[in-house]
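In: Pasted the sequence and its predicted model underneath.
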Amino acid sequence: MEGDIDGMESRLDAATDLILLGDPDKPDAQYFYSDSFIHMQRGMAYRHARQWGKAVRALEHGLKGFDTKTMESEWATWYLAELAWSYAGIGEPEKASTLAQRVMNVGKGTPGSRLVAYMRDLYQAMDRRFPGKA
């Protein structure tokens, strides 16, 4: 992904088109693929490709489409975790830390969650890059 951003974006666009077409044989299986979900998946791809600004924009856009109750779930909180990493990537450790704390709260309240370890990794990375600001 890091070496071919245009190719990645082209494939993400193609995947979005396919998702929007849906499967007429399984219409109930499509409920999960909302516009918000598509943006968040794109944001994760950008985050993994270290396209931090694009990741922030896509994740924020996607997260706006989720209601408060959904955002309290562990699965949705993973997108907040990705957004925290993305904010650290663009050099905004304060925003990253604020989001990471929200993620930690959900992770600590969810038995077996990997969110806490994921945010500890973020704090360590931020402490190396932004000493005293994580």
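Out: Right, received. Where do you want to start?
In: Name the SS class of the residue located most distally from the centre of the chain, please.
Out: Here the centre of the chain is the reference, and by C-alpha atoms, centre = their mean the most remote residue is D25, at 30.0 Å. Under DSSP: H, G, I helix; E, B strand; the rest coil, D25 falls in the coil class.
In: contacting residues around it?
Out: Under the criterion of C-beta atoms under 8 Å, 6 or more residues apart in numbering, D25 has no neighbours. Where C-beta positions appear, they are placed from N, C-alpha and C, glycine not excepted.
In: Could you check how far the least confident helix or strand in the chain by mean pLDDT is from the centre of its chain?
Out: In the chain, the helix or strand scored least confidently by mean pLDDT, DSSP states H and E is helix 5-21, which has a mean of 83. The chain centre lies 17 Å from the centre of helix 5-21; the measure is C-alpha atoms, centre = their mean, to the nearest Å.
In: Buried residues, it. List them.
Out: For helix 5-21, a neighbour-count test (16 or more other C-beta atoms under 10 Å) marks M8, E9, L12, T16, I19 as buried.
In: And it, what does it pack against?
Out: helix 35-48 (3 or more C-beta pairs under 8 Å, 6 or more residues apart in numbering; DSSP states H and E).
In: contact partners of the helix it packs on?
Out: Counting by C-beta under 8 Å, 6+ apart, 1, 8, 12, 16, 19, 52, 54-66, 79, 82-83, 85-86, 89 sit against helix 35-48.
In: Great, nothing more from me.
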